[in-house]
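Asker: Below are the sequence and a predicted model for it; my questions follow.
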Amino acid sequence: MFNEANTVEQIVVDVCVSNGRTYVTGPSLLRQASDIFVESPLRQALIKLNPEIADQPMSCGGGRGY
């Protein structure tokens, strides 16, 4: 039987790993399943792109912070 796990997912994982990415299973991630982003790497990437926001507190919505 064909499904996403045996037709697409494993191919994508294999290609990513062969290109130097690290595969981590979902339960090993430092986040909740309901979280869209992993906050720390997102914050680091945003600061790298926008160094002037480094000292701003993070906020959820409302146009403050990021």
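Answerer: Thanks, I have the structure now. The model shown is predicted, which means the values in this text are computed figures rather than measured ones.
Asker: ranges for the helices of the chain?
Answerer: Listed in chain order, the helices of the chain (DSSP state H) span residues 4, 10-18, 39-49.
Asker: Would you single out the least confident of these?
Answerer: For these, the stretch scoring lowest in mean pLDDT is helix 4; its value is a mean of 69.
Asker: so what's A33 closest to, chain neighbours aside?
Answerer: The shortest distance from A33 to any residue other than its chain neighbours is 7.3 Å, reached at G26 (CB to CB, 6 or more residues apart in numbering). All C-beta atoms are positioned from the backbone trio N, CA, C, and that covers glycine.
Asker: What's the separation between the one you found and R43?
Answerer: 21 Å (CB to CB, to the nearest Å).
Asker: between the two, which one's more packed in?
Answerer: In this comparison of G26 against R43, neighbours counted by other CB atoms under 10 Å, the higher total goes to R43 at 15 against 7.
Asker: I'd like to know how far that one sits from S34.
Answerer: R43 is 18 Å from S34, where distance means CB to CB.
Asker: picking up where we left off before, for the helices of the chain, which one sits closest to L30?
Answerer: Judged by CB to CB, the one of these that comes nearest to L30 is helix 39-49, at 7.7 Å.
Asker: Buried residues in that closest one, which are they?
Answerer: Residues L46 are the ones in helix 39-49 that count as buried (16 or more other CB atoms under 10 Å).
Asker: Does anything pack onto it? Which helices or strands?
Answerer: Using 3 or more CB pairs under 8 Å, 6 or more residues apart in numbering; DSSP states H and E as the contact criterion, no helix or strand is in contact with helix 39-49.
Asker: mind checking how far that helix is from the chain centre?
Answerer: For helix 39-49, the separation from the chain centroid amounts to 10 Å (computed by CA atoms, centre = their mean, to the nearest Å).
Asker: Going forward, the N-terminal residue is numbered 20.
Answerer: Sure, I'll start numbering at 20, so the last one becomes helix 58-68.
Asker: Could you report the distance from L48 to F56?
Answerer: When distances are taken as CB to CB, L48 and F56 turn out to be 11 Å apart.
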